[in-house]
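Trainee: okay, predicted coordinates and the sequence, questions at the end:
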Protein chains: 2
Amino acid sequence: MSAARVEPGCLTDVPGLRVGHTQRVGRGWRTGTTVVLLPDGATVGVDVRGGGPGTRETDLLHPSATIATAHAVCLTGGSAYGLAAAGGVMRFLEERGIGFSVGPGTHEVVPLVPAAVIFDLGRGGGFGNRPDESFGHRAARAARGTRSPVGSVGAGTGARTHGLQGGVGTASTVVHDGVVVSAIAVVNAAGSVIDRDTGLPWEPGSVPLRRPTATERAALRTHLDAAVPPLNTTIGVVATTAILRKAECGKFAAVAHDGLARAVRPVHSLLDGDTVFGVSTGRDAPSSTERVKWLNAVLEAGARCFAAACTDAVLHAVATGSDPAYRDLCPSAYPRGFLPGR
Amino acid sequence: MSAARVEPGCLTDVPGLRVGHTQRVGRGWRTGTTVVLLPDGATVGVDVRGGGPGTRETDLLHPSATIATAHAVCLTGGSAYGLAAAGGVMRFLEERGIGFSVGPGTHEVVPLVPAAVIFDLGRGGGFGNRPDESFGHRAARAARGTRSPVGSVGAGTGARTHGLQGGVGTASTVVHDGVVVSAIAVVNAAGSVIDRDTGLPWEPGSVPLRRPTATERAALRTHLDAAVPPLNTTIGVVATTAILRKAECGKFAAVAHDGLARAVRPVHSLLDGDTVFGVSTGRDAPSSTERVKWLNAVLEAGARCFAAACTDAVLHAVATGSDPAYRDLCPSAYPRGFLPGR
């Protein structure tokens, strides 16, 4: 199952999006920030499905709020403290005159930067070491429209998922009429991305895996069964070139949670902050007929990409702390040449 | 009408709440921050009714989110940039070990600090002069459980409402069984608190007003008719000693918006960020029978207090910039001795 459908590609396969990471590891640190820049603006919706969210500027994404355009999405470690990082993204955008215009001057703008956080406090040793405003600015400066690193980078640096190192994953696909759909996920889930029985992910990612050896599976099973889920969360973005209204971006995010539900089990628990943003750059027009069918294809592609991104986050993760990565426990599952020295 | 029902008192008539302000005026500045500290924690809900909100940590106030306790509410100028002030309130609380416990150490806490902003950018002359993290920390340090200043202080410093200086107002009342209900409002509304025809507020505040002179009414009318509503918002808190569940705190906030609707006309427009938080300290038990009737009394008292707080914000306002205060245009409406020199 795992090797059957592979989603290559990345979030920035939707033109107009840029992704940047920054992180700090060592000397008491193990956290970071990931920014999805929307320098031309894009329509953004959100669906908050976890029972313990940490968010900023999500109310303006509600369908009844007037402004439909946001200028970045900030995904960050640091729990609620990390929301400060969004201020650094705002500063980056303000310096470039990007934002909602509120005055005659070209720099009189308010950049709209919704944000969500994962809980990773203290994972590097220092409880007070968490992303601040400077992390957001740095991640925004690093943002590129080309493929960015995945695994244990940015907001995924201090991530863990059911005893394994978590991380950042990304994926993309093309729906029937050339519309591009993509996703990025920061997986810090209480639930597991890996099926303890098969030793393989529940959902396929971009790496064509083989079945791990019996010894590896046994060690993995022992490790997963002993995991004590701490405070956890999966956050991310699904994006598309399709023209979606803001309420439809919210629906797009909501259906992406279905991908999360397939890739991470269990999920959406009482203290998870699971939050997905839906982004439409609106570059491809839908056919005027059959809009519902067309839109359903976009939604399901978003769920598929988000699931693949979750899986990829774990497959690409490298241990940044005491939690082993999947690659450490099941190296034989990877194709020849994927892991260094194999 | 205006002098008929007077609501004296203030937000901190509900024990367990503390209010602090900080502001900066002059040299390009005209903005500030108001913090409502809940050092023992309190149940908090929210209702966002404006079409252009700027908020932080409101998703955790949703009835489906698990945690029902927040540790402060941050009301601030600075539009979305001002959300940084909430980080300073978090730091203040963390330094005192107040927050949601996330580890074995007494200081391993995440303070939950929902926040909402008003738009006052550039009103002091410098577009970049806006509350940052230090404003939140300073306002939290200043917080007291006794009556705090009203008018053009804290988040109300740069406020304007339909061409008049806006500000902060507060009120309280006691419902039939000794339950206390109180409110604080930061009035920065596009709509007017003052009826242009009578020259008096739509709703009573704590100041028993007389009808302004014909000359004053004419000048006021001319001024109000010429006002160009810029980006505006009214934000605030209603609080009660009654035991409310989180969803009921949301309902409490929602009905307080009815008080806002009575006091400010028009209101809840497409770019207002009108947001009210509902706080329950839960010190008084409801009678087990007739809970709905009892709860309705609490809700209506909240609406009444919030309306009075809005009116008081304008009656106590003192010009901090180019917008005249109501007292400047209609001094004869005030009781003898209320205004300095009269």
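Mentor: Nice, I can see it.
Trainee: show me where chain A has helices.
Mentor: A:85-95, A:133-141, A:214-226, A:246-263, A:291-315, A:326-329 (DSSP state H).
Trainee: out of the ones you listed, flag the one nearest A:Val179.
Mentor: Of all those, it is helix A:291-315 that lies closest to A:Val179, at 6.1 Å by CB to CB. For the C-beta atoms, the positions are set from N, CA and C on the backbone; glycine is no exception.
Trainee: if you average pLDDT over each of the helices of chain A, which comes out lowest?
Mentor: Note on these: lowest mean pLDDT is at helix A:291-315, with a mean of 88.
Trainee: which strands and helices sit next to that one?
Mentor: Using 3 or more CB pairs under 8 Å, 6 or more residues apart in numbering or on different chains; DSSP states H and E, the elements in contact with helix A:291-315 are strand A:167-174, strand A:180-188, strand A:233-242, helix A:246-263, helix A:326-329.
Trainee: so what pLDDT did the residue of the stretch 201-342 of chain A found nearest chain B get?
Mentor: Closest to chain B within the stretch 201-342 of chain A is A:Leu270: 4.4 Å, counting by CB to the nearest CB. At A:Leu270, the model reports a pLDDT of 84.
Trainee: that one and B:Arg336, how far apart?
Mentor: 59 Å (CB to CB, to the nearest Å).
Trainee: more neighbours: which of the two?
Mentor: A:Leu270 (12 against 7; other CB atoms under 10 Å in any protein chain shown).
Trainee: any idea how far B:Arg196 is from that one?
Mentor: Counting by CB to CB - A:Leu270 and B:Arg196 are separated by 51 Å.
Trainee: A:Phe338 too?
Mentor: Counting by CB to CB, the gap from A:Phe338 to B:Arg196 is 73 Å.
Trainee: what's the answer for A:Arg283, then?
Mentor: Distance of A:Arg283 to B:Arg196, given as CB to CB: 48 Å.
Trainee: swap in A:Arg56?
Mentor: A:Arg56 is 38 Å from B:Arg196, by CB to CB.
Trainee: looking at the two, which is more packed in?
Mentor: Taking neighbours as other CB under 10 Å, A:Arg56 and B:Arg196 compare with A:Arg56 leading, 29 against 15.
Trainee: ok, the more buried one - contacts?
Mentor: A:74, A:83, A:86, A:113-116, B:55-57, B:83 (CB atoms under 8 Å, 6 or more residues apart in numbering or on different chains).
Trainee: just the buried ones from those residues?
Mentor: In these, burial by neighbour count holds for A:74, A:83, A:86, A:113-116, B:55-57, B:83, counting by 16 or more other CB atoms under 10 Å in any protein chain shown.
Trainee: what would those residues look like in a markdown table with distance to A:Gly169?
Mentor: Shown next, in a markdown table, are the buried ones among the contacts of A:Arg56 (distance: CB to CB, whole Å):
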| residue | distance to A:Gly169 |
| --- | --- |
| A:Cys74 | 18 |
| A:Leu83 | 23 |
| A:Ala86 | 22 |
| A:Val113 | 22 |
| A:Pro114 | 20 |
| A:Ala115 | 19 |
| A:Ala116 | 16 |
| B:Thr55 | 29 |
| B:Arg56 | 27 |
| B:Glu57 | 27 |
| B:Leu83 | 29 |
